[in-house]
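[1] here are the coordinates; sequence isn't available:
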Ligand SMILES: Cc1cc2nc3c(=O)[nH]c(=O)nc-3n(C[C@H](O)[C@H](O)[C@H](O)COP(=O)(O)OP(=O)(O)OC[C@H]3O[C@@H](n4cnc5c(N)ncnc54)[C@H](O)[C@@H]3O)c2cc1C
Ligand SMILES: NC(=O)c1ccc[n+]([C@@H]2O[C@H](COP(=O)([O-])OP(=O)(O)OC[C@H]3O[C@@H](n4cnc5c(N)ncnc54)[C@H](O)[C@@H]3O)[C@@H](O)[C@H]2O)c1
């Protein structure tokens, strides 16, 4: 069967690509060997955020897991094969493998198209630890199917998944030990943000073991485990993810993968094979739902254009939020990468009235701004004269940081100077006033409660 566009994988990236294809008037086939909605709906964002919310509300463990299942089912019902067929997508169920250039088999059928989008996602990565398989570890593929919370749990990996799940289980009454080889929690993020989250986890009773690299896992009777000298009822491994390419026979299509197993793409998301693009977690770039969604749209737009008219995927415009309590949200450049000419305005939440009234003073808002193009190194006064500089990035740690970052992402998207944020009237007393307070300090040279400094000079 021949289509205009073949999309392989029906997670966030594949769904976005398939819908973009239909919008562009292309006959579009969406091939998937798993449930529509992918990782985000079934084993990622939706169950984890439901678990966090139910645990924070003091819901008992059994009811929490029932709520997780009900919520997943509710979200999944909005994106069934029937719904997609109604939108004009030809949904094909089964595992795809390439047999040649832009030609695949699914079950007994052969499908081909001049344009292909690979969106096969990623799977949990199990470290190469002796005894790990025998210990029957939980992963994000299995943890949300529990009926009840274990009494004791070791979480291996203190990245976003590990921190969110450690906090959720601690709040469900589980005794949690969080182990990571890195010296801080959330090692991919700013150390100050990691420190605030570490304090919050400790307050919830999580035993933090940074700088710990287990050399093996011992399975004990009844699914119990011993790891890094800690005994627990269960082990949850959240040590990263590996792009899913097994069984695709990418070599037959001329699609190259890198050493991590990620499909190699250029800045426009084109793979090494003509007419084949890749989006989402399989690329190893920004492994986030909204990034996969953005990439899906972009890839389909780019597939129809000559190279010089294609749009670049801008990872620097993708915000990121970790849904611990407090949340951590970032966009753009972190302070350490902004260069010596950038300026930083930082306000602790203890200087923000909404945080004080809510009794939630843990956290901060940090804005990074740089000189406008063509401007030489700026003094504090010079910064004021160029409207506070162009926004380069932000790190926010706050109860609602994931919501607050959207304003900064918008300002960056439209290339606004920080003075524009300062001139925008914000309702009092809101959390986002903290962003305005920090922006005002950049634009005016100082501000109550705000520290203004050159980037890198903490
Ligand atoms: C616990 C957890 C929490 C998360 N929380 C968040 C969050 O809060 N916010 C956020 O933005 N991101 C979050 N993420 C990340 C997010 O889930 C992923 O970035 C996103 O789902 C990736 O979408 P995707 O389309 O690339 O891949 P997937 O959703 O993995 O979809 C890929 C699909 O391809 C199919 N497939 C694979 N191989 C084949 C084949 N050969 N033939 C046919 N079909 C195939 C699979 O069945 C799968 O359904 C979280 C992840 C985890 C694990
Ligand atoms: N809120 C969100 O957006 C959210 C939430 C959860 C997951 N995710 C996404 O899902 C993906 C997976 O998340 P993750 O937290 O599993 O991955 P990650 O790669 O971010 O973190 C894995 C952690 O495990 C540690 N680790 C790995 N191997 C180890 C070992 N042998 N011993 C000790 N420590 C070890 C690493 O140091 C790291 O801190 C990420 O890409 C993330 O973007 C996003």
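    That came through, no problem. This one's a predicted model, so the numbers in the text were calculated from it and none came from an experiment. Numbers count the residues shown, from 1 in each chain. Ligands and ions are numbered 1, 2, ... in the order given.
[2] how does this structure divide into domains?
    5-37+79-124+242-316, 133-239, 326-454 (automatic domain parsing).
[3] Check the separation of the first and last residues in the second one.
    I take that to be domain 133-239. With C-alpha to C-alpha, to the nearest Å as the measure, domain 133-239 spans 14 Å from end to end.
[4] next one: that domain to chain centre, how far?
    19 Å (C-alpha atoms, centre = their mean, to the nearest Å).
[5] and it, anywhere near ligand 1?
    Yes: residues of domain 133-239 contacting ligand 1 under C-beta under 6 Å from any ligand atom: 140, 161. The C-beta positions use only the backbone N, C-alpha and C, and glycine is treated the same way.
[6] residues from the chain in reach of ligand 2?
    Of all the residues in the chain, those in contact range of ligand 2 (C-beta under 6 Å from any ligand atom) are 127, 156-162, 164, 179-182, 187-188, 213-214, 238-241, 287-288, 321-323.
[7] If any of those are buried, put those into a ChimeraX selection.
    Entered in ChimeraX, the line below selects the buried ones among these, by 16 or more other C-beta atoms under 10 Å:
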select :156,157,158,159,160,161,162,164,179,180,181,182,214,238,239,240,241,287,288,321,322,323
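[8] out of the residues of the chain next to ligand 2, which are inside strands?
    Among the residues of the chain next to ligand 2, the members found in strands (DSSP state E) are 156, 179, 241, 321, 322.
[9] Hmm, the second one is touching residue 232, no?
    Going back to what we said before, that points to residue 179. No: contact criterion C-beta atoms under 8 Å: residue 179 and residue 232 do not qualify, at 10.4 Å.
[10] Could you tell me which residues touch both of the two?
    Listed as contacting both residue 179 and residue 232 by C-beta atoms under 8 Å, 6 or more residues apart in numbering are residue 154.
[11] If we ignore the residues flanking it in sequence, what's nearest residue 63?
    Excluding its sequence neighbours, the residue lying closest to residue 63 (C-beta to C-beta, 6 or more residues apart in numbering) is residue 54, at 7.3 Å.
[12] roughly how far apart are that neighbour and residue 71?
    Applying C-beta to C-beta, to the nearest Å, the value for residue 54 to residue 71 is 9 Å.
[13] quick one: the strands in the stretch 1-150 of the chain?
    Taking DSSP state E, counting those that start in this stretch as the criterion, the stretch 1-150 of the chain contains strands spanning 5-8, 28-32, 90-93, 96-100, 103-106, 109-112, 115-118, 122-124.
[14] what does the stretch 1-150 of the chain have sitting close to ligand 1?
    So the stretch 1-150 of the chain meets ligand 1 at 8-14, 31-34, 38-40, 43-45, 48-49, 95-96, 119-122, 140 (C-beta under 6 Å from any ligand atom).
[15] Compare residue 54 and residue 71 and say which one has the larger neighbour count.
    residue 54 (22 against 18; other C-beta atoms under 10 Å).
[16] Just the strands from the stretch 351-458 of the chain, written as ranges.
    So, for the stretch 351-458 of the chain - with DSSP E, counting those that start in this stretch - the strands run 364-370, 390-398, 451-454.
[17] just the stretch 201-350 of the chain next, same as before
    Along the stretch 201-350 of the chain, counting by DSSP E, counting those that start in this stretch, strands occupy 207-209, 217-219, 225-227, 230-232, 234-237, 241-243, 276-278, 320-322, 327-332, 343-348.
[18] packing partners for the first one?
    Contacts defined by 3 or more C-beta pairs under 8 Å, 6 or more residues apart in numbering; DSSP states H and E place strand 207-209 against strand 175-179, helix 191-203.
[19] cool, and the fifth one?
    Where contact means 3+ C-beta pairs under 8 Å, 6+ apart, strand 234-237 is packed against strand 152-156, strand 225-227.
[20] per-residue confidence averaged over the shortest one?
    The average pLDDT within strand 225-227 is 97.
[21] again, but for the longest one
    Confidence over strand 152-156, taken as the mean pLDDT, stands at 98.
[22] got the angle between it and strand 175-179?
    With axes from the mean of the first three to the mean of the last three C-alpha atoms, to 10 degrees as the basis, strand 152-156 and strand 175-179 are set at 20 degrees to each other.
[23] List of residues touching strand 152-156?
    The contact list for strand 152-156, computed with C-beta under 8 Å, 6+ apart, reads 127, 137, 162, 165-166, 169, 174-180, 214, 225, 227-228, 230-239.
[24] Okay, buried residues for the least confident helix or strand in the chain by mean pLDDT please.
    The weakest-scoring helix or strand in the chain, judged by mean pLDDT, DSSP states H and E, is helix 380-385 (a mean of 88). Of all the residues in helix 380-385, those buried under the rule 16+ other C-beta under 10 Å are 383, 384.
[25] Contacts made by it with the rest, please.
    Residues outside helix 380-385 that contact it (C-beta under 8 Å, 6+ apart): 343, 369, 371, 375, 389, 442, 443, 444, 445, 452.
[26] Just the buried ones from those residues?
    Among the contacts of helix 380-385, those classed as buried by 16+ other C-beta under 10 Å are 343, 369, 371, 389, 442, 443, 444, 445, 452.
[27] can stretch 252-263 be found next to ligand 1?
    No: Stretch 252-263 stays clear of ligand 1 (C-beta under 6 Å from any ligand atom), getting no nearer than 10.8 Å.
[28] list the buried ones in that stretch?
    Neighbour-count burial for stretch 252-263 flags 253, 255, 257, 261, 262, 263 (criterion: 16+ other C-beta under 10 Å).
[29] In CSV: the residues you listed, plus pLDDT.
    Converted to CSV, the buried residues of stretch 252-263 look like this (pLDDT from 0 to 100):
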residue, pLDDT
253, 96
255, 98
257, 97
261, 95
262, 98
263, 98
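[30] Dump those residues into CSV; add distance to residue 329 as well.
    Putting these into CSV (distance: C-beta to C-beta, whole Å) gives the following:
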residue, distance to residue 329
253, 38
255, 34
257, 31
261, 29
262, 25
263, 28
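[31] now, which of those lie within helices?
    Using DSSP state H, the subset of the buried residues of stretch 252-263 located in helices is residue 253.
[32] Burial-wise, tell me which of the helices and strands packed on strand 207-209 comes out on top.
    Of all the helices and strands packed on strand 207-209, strand 175-179 has the most neighbours on average by mean count of other C-beta atoms under 10 Å, namely a mean of 24.
[33] thinking again about what came up before, quick one: which of the contacts of helix 380-385 is nearest ligand 1?
    Nearest to ligand 1 among those is residue 369, at 25.9 Å by C-beta to the nearest ligand atom.
[34] Is it correct that that closest one is in contact with residue 386?
    No: at 9.3 Å, residue 369 and residue 386 do not qualify as touching, with contact defined as C-beta under 8 Å.
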